[in-house]
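# After the sequence you'll find the predicted model.
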Amino acid sequence: MNARLLALLTLLLPASALAQNAWTVTPVDGTSVMGEISSLVFEVRNASTSTRPLNEVSLAVDGAAYDVDGGDAPAGWTVNTVDRKERRITYQASGSCSPGPLGLAPGASARFTLRLVGVAANADVTDALVGGSNPNKSSQAKDTCSGTTFSGDPTVASWKRVGLSASITVQPRTLQLGGNVTVQFTVVNRSTVNQSNITLSGPVVVGSAAFGRTVVAFSPSSLSLAPGATGAFSGKLQSTAEGMSVFKASAGNGTVSTAPTSSLQVNVSSFPALLEALPSSIAPGDTVTVRLVVSNPSSSTYRDVVPRAPNFTGTAVPTLLSGPTPVSASSLGPGSSVSFIWKYQLNGAIGSTFQFDSQADATRDGSAINTGAVTSAQGRIVEHRLSINPSSVIAGAKNKTLRYTLYNGGTVEIRTVKLLTPDTAFFTVSGTPFANDASGWSTSSNKGYTWTAPNGQPGITPGTQKTFSVDYSAIGTVSADTAFSHQLELTQVSGTTTNTLRVDSPVTVFVNRVMPEVDALVAVAGQGRNSLVWTNPSDHDGVLVLRAAGTAPNTVPEPGRRYAAGEVLGNATVAYSDELSVASTFEDTGLTNGTAYVYRVYNHDSLYRYSPGNTPQSLGLKSVPSSRASGQPLWCYSAGFSTLQQPITELGVGIFTSNTSGRVTANLTNTSTPSLDGNERWRPVQLQGPVQSRFPIVPLSGRSGQYIVTGDQAGYAQAIRTDTGELLWRSTTSLGTIQSFPVVQLYNTTSTNAAYKAAFLNRDIAFFATRLSTGTNNKVVALDAANGAPVWTYAPGDLGMVSGGMMIDYTYNRLYVGARSNGGSLASVRVLDSLTGSELARLSLGDIDFGIVRYGSTTPPVALVTNSDGTVYGLDMVAMSVLWSASVASRPSASVPAFSQYARPVNNGFVVSILGATDTDGRVERWGITTTSTGTTVSKLWSTPIPSPSGTFSATIGGVQRLYVGGKDEKVHELDFTTGADGKQVSLPGALAMGTPTVDTTVSRLHVGTQDGRVCAFPVPFP
């Protein structure tokens, strides 16, 4: 090289670049927070002009300003030495010199993490790596294969040591567009003096989700904090665009500041998700739970929710142990969530990192949809692991004991453990803090709480752990959930060498709030067991299940406390408890058949805030195991609300019913596997209001399967698939209170005539009637049964409340509607043209609260109309006029109808259930109808007393016809059809009343609902 060129290069290039073997170190990320464990990331580059690799890096800091905690090495490197005395960490490339090259080739770079604790000062400070030639105290780079030391100036790598610690939390982390989040930026003064006028900068939102509207402005305007004190800024923002984002903010006063701080990921979507990998600090070989929580804040139902296998990033080595659990979710209803869990064992060197990302796929209204990829927070394999129990305490609590469990994953014994005093405004100690400590070590209190291993006894040796406890007399109040770092200072002793280091873990002081309940809690009772099933809400981490015998659990769980199975709480026992949960079922076994058990299920979040436990209601959920012995139920399904409506049977397959909570339920019939008998076919479908009548199940033209067509008291009509529980359609607006049994005129039947097919090509029409409180302004609405579109409306302005079912006459395309008479002023039977809704006839027959049904195959055809005053009418369906009438009973009182059900047609007559003046009164009667050329005679054949009888059901089994009826004596009665003899009964103690039964003759089973919220199955005929 000529002299002139050398001179020019000397002017343009630094000395390190001209060196044959050189290195550079550049700060990439991180800020040191005074008094806290902080991480600094440096990029080291082999800047050599030779061919020598760089395979050893030492990073040293000022011993007067820092304690060194540890470091994280990049892939292909390990942390070789942590010299805490000299505040120096050495990293070495993994491998051997031969064949080489080993480490960073010239021009290559890698990132190294240094963890340290900065000494507190009264203002922010700028620090740098220590340089120099002392091989034991300076930052250096080497090729150990040749013994070459690289030249460079590590002191140019500087960073800021700040006096304020900060964290930012956003809740909730998943929400639908237009939802609000609460953002809290927590600040701790880690400097040595009081700091005033600390103001917030931000937050700013980084990512695709936007929060463009301030709901509650951030406050306070500024903070003044004493050394060690904690304060917070909080506000509420509204989401204005979908996507995923993080919130970033900082705070300061010109003298001290925080580092720029980011929140965890927030997902705004109609199908949002979040991913967690817990715990985030582990020892080598520990198990990490990865949980993907998928939520549905929309009004739609998602089908076939399937998680994708998590992608792993980091330097640790993961081994999948299990998952996903569950493999998929068949449906995800509005307002609910589902969790998918994987278990991984993680190995690697101290400082190895781990992080996961995943997402879920589903269908909505037949179209594919996914949550988008979500990422967990980064975790790390640590040398010393600290866990605190409890890790969350309710604000304002008194006399709380925190237990600090320290695991020594290093190679050096720990002899002394010191808890640095947490913020005394929030963690108050009075008297002796070690009163409940059982560590066996000596204790002292001086600017912290110290435990020291006794002389001659081992401390915490490598691979072991020990627990220390502190009694706090009071926990301070906070305005929002606030995490406080609790730090342990550890003294290691190896021979004559003593080093100190720190570990920390958060304790969250939380504000109690009402957690959402689990939804649709039910129980299936079997032999010596109760199987509980529920749906988890979106805000969910786990559940607590309490069980008491005979009465509801009477004591609520303590916020912030985790309970273990078998603990006693008031009059109840903890039957089940979990966290990080995917569970939505619990099998409670080993129970006593015939004993009534009452359950309360409490949903909780990760801080152990509990829901009120009032689902399905405050009295809890009762379930009674059954031996399935003679006279006992085969199973009972408990939903917690009155299920007196007559079940609808799908022969040999299962049953459907509804209850007063507005849910439609479905159960399976399984005669071969008792443990599956009575299980849910699908989760209860929540309607807009209570369902007060049975519903038809019909096929629909052009669609596969069967469909439930029903209306609710909120006035909405809907159709539901029987195989999945999926809502096919719901009316777009309320039609008005619907209480009566809807009917459907079908296109594809042998009874359908040409006039109907011409009017409604390949269409089925569903008819709904209202029961408005005005009593006169009711209507009948015809809707397309395939989509709920309006067809016609009959609203004459003088129609009374319609409570009972309507009837379709396929021959003449007529719709029969029974209604109240409004004190006799209104015609109570209307006959409408089912094709147009025009009125064909009206009859004044008094109050009609029951369904109109067809009677036999007579000429002319006859419809039975049951009057609430006690009269049964036979209507000529050709002339649309009264053919005959029979006075059968009378009202017990003005407000109580004479019957509990319409007159049920049976062989040459009908059966009626007659109510008495009291609950113990009542009777079932069979009446015969004889028609001759001179007229029709209606006469009573027999009468059997039954306390407040339900409706009846007639079934022929083994060639013998029987009648089945429930009563308020908590029994179902089996009556001889010919004589009415009440020969056999089965009972359900505690049922209060039995509803109208249904018999499935293909499997010889009776299904019946109860007032106390059960649906039960019994074999028939009764033993």
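Ah, there it is.

# give me the number of residues near the closest residue to Val193 other than its chain neighbours?
Take Val193 and drop its neighbours on the chain: the residue closest to it by C-beta to C-beta, 6 or more residues apart in numbering is Asn122, 4.5 Å away. Quick note: C-beta positions are derived from backbone N, CA and C, even for glycine. Residues lying near Asn122 (other C-beta atoms under 10 Å) number 15.

# Sticking with Asn122, tell me its helix or strand.
Asn122 belongs to no helix or strand when assigned by DSSP states H and E.

# Roughly how far does it sit from Val256?
Per C-beta to C-beta, to the nearest Å, Asn122 is found 8 Å from Val256.

# which neighbours do these two share?
Both Asn122 and Val256 are in contact with Gly163, Ser191, where contact means C-beta atoms under 8 Å, 6 or more residues apart in numbering.

# Show me where the stretch 751-900 of the chain has its strands.
Secondary structure of the stretch 751-900 of the chain (DSSP state E, counting those that start in this stretch): strands at 765-769, 780-784, 790-794, 807-809, 814-818, 829-833, 839-843, 853-855, 862-866, 871-876, 881-887.

# Format those as CSV; extra columns: distance to Pro674.
Output for the strands of the stretch 751-900 of the chain, formatted as CSV (distance: least, C-beta to C-beta, whole Å):
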stretch, distance to Pro674
strand 765-769, 38
strand 780-784, 42
strand 790-794, 47
strand 807-809, 40
strand 814-818, 43
strand 829-833, 48
strand 839-843, 52
strand 853-855, 37
strand 862-866, 40
strand 871-876, 43
strand 881-887, 46
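
# Let me have these in a markdown table, adding mean pLDDT as columns.
What follows is the strands of the stretch 751-900 of the chain, written out as a markdown table (pLDDT from 0 to 100):
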| stretch | mean pLDDT |
| --- | --- |
| strand 765-769 | 98 |
| strand 780-784 | 98 |
| strand 790-794 | 98 |
| strand 807-809 | 97 |
| strand 814-818 | 98 |
| strand 829-833 | 98 |
| strand 839-843 | 98 |
| strand 853-855 | 95 |
| strand 862-866 | 97 |
| strand 871-876 | 97 |
| strand 881-887 | 96 |
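
# residues of stretch 275-293 that come out buried?
275-279, 281-284, 286, 288-293 (16 or more other C-beta atoms under 10 Å).

# Just the closest of these to Thr934, please.
Val293 (76.4 Å; C-beta to C-beta).

# Quick check: mean pLDDT of stretch 681-695?
Stretch 681-695 carries an average pLDDT of 91.

# What is the end-to-end distance of it?
End-to-end distance of stretch 681-695: 18 Å, with C-alpha to C-alpha, to the nearest Å as the criterion.

# Kindly report the same for stretch 889-897.
So stretch 889-897: terminal residues 10 Å apart, C-alpha to C-alpha.

# Identify all contacting residues around it.
Here stretch 889-897 has contacts from 847, 849-850, 868-870, 898-899, 912, 914-917, 921, using C-beta under 8 Å, 6+ apart.

# For those, which entry has the maximal number of neighbours?
Most neighbours among these, by other C-beta under 10 Å: Val912, with 27 neighbours.

# between the helix or strand that residue falls within and strand 871-876, what angle do the directions make?
Secondary structure from DSSP H and E places Val912 in strand 909-914. Counting by axes from the mean of the first three to the mean of the last three C-alpha atoms, to 10 degrees, strand 909-914 lies at 150 degrees to strand 871-876.

# what about strand 909-914, distance to the chain center?
Relative to its chain's centre, strand 909-914 lies at 48 Å (C-alpha atoms, centre = their mean, to the nearest Å).

# and what of stretch 285-301?
9 Å.

# Can I get it in PDB? Just the C-alpha atoms.
Coordinates of each C-alpha in stretch 285-301 appear next as PDB, following Å, rounded to 0.1, in the frame of the first residue of the first chain:
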ATOM      1  CA  GLY A 285     -36.700 -29.200  32.000                       C
ATOM      2  CA  ASP A 286     -39.800 -27.400  33.400                       C
ATOM      3  CA  THR A 287     -43.100 -27.700  31.600                       C
ATOM      4  CA  VAL A 288     -44.700 -24.600  30.000                       C
ATOM      5  CA  THR A 289     -48.400 -24.400  29.300                       C
ATOM      6  CA  VAL A 290     -49.200 -22.700  26.000                       C
ATOM      7  CA  ARG A 291     -52.900 -21.500  25.900                       C
ATOM      8  CA  LEU A 292     -54.700 -20.100  22.900                       C
ATOM      9  CA  VAL A 293     -57.900 -18.400  24.100                       C
ATOM     10  CA  VAL A 294     -60.400 -17.800  21.300                       C
ATOM     11  CA  SER A 295     -63.300 -15.600  22.000                       C
ATOM     12  CA  ASN A 296     -66.600 -14.800  20.300                       C
ATOM     13  CA  PRO A 297     -67.800 -11.200  21.200                       C
ATOM     14  CA  SER A 298     -70.200 -11.200  18.200                       C
ATOM     15  CA  SER A 299     -73.800 -12.300  17.900                       C
ATOM     16  CA  SER A 300     -73.000 -15.100  15.500                       C
ATOM     17  CA  THR A 301     -72.100 -18.700  16.300                       C
END
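
# Correct me if wrong: the residue nearest to Val193 contacts Asn194.
No - counting by C-beta atoms under 8 Å, Asn122 sits too far from Asn194 to count as a contact (9.6 Å).

# what about Val393, how many neighbours?
23.

# Residues in a beta bridge with Thr952, which ones?
Counting by DSSP bridges, Thr952 forms beta bridges with Val965.

# That one against Gln901, yeah?
Yes - counting by C-beta under 8 Å, Thr952 touches Gln901, with 7.1 Å between them.

# now the strands of the stretch 751-900 of the chain as JSON lines including distance to Gly30 and mean neighbour count?
Output for the strands of the stretch 751-900 of the chain, formatted as JSON lines (distance: least, C-beta to C-beta, whole Å; neighbours: other C-beta atoms under 10 Å):
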{"stretch": "strand 765-769", "distance to Gly30": "66", "mean neighbour count": "26"}
{"stretch": "strand 780-784", "distance to Gly30": "64", "mean neighbour count": "22"}
{"stretch": "strand 790-794", "distance to Gly30": "65", "mean neighbour count": "16"}
{"stretch": "strand 807-809", "distance to Gly30": "76", "mean neighbour count": "20"}
{"stretch": "strand 814-818", "distance to Gly30": "77", "mean neighbour count": "26"}
{"stretch": "strand 829-833", "distance to Gly30": "78", "mean neighbour count": "22"}
{"stretch": "strand 839-843", "distance to Gly30": "82", "mean neighbour count": "17"}
{"stretch": "strand 853-855", "distance to Gly30": "80", "mean neighbour count": "19"}
{"stretch": "strand 862-866", "distance to Gly30": "82", "mean neighbour count": "25"}
{"stretch": "strand 871-876", "distance to Gly30": "87", "mean neighbour count": "22"}
{"stretch": "strand 881-887", "distance to Gly30": "92", "mean neighbour count": "15"}
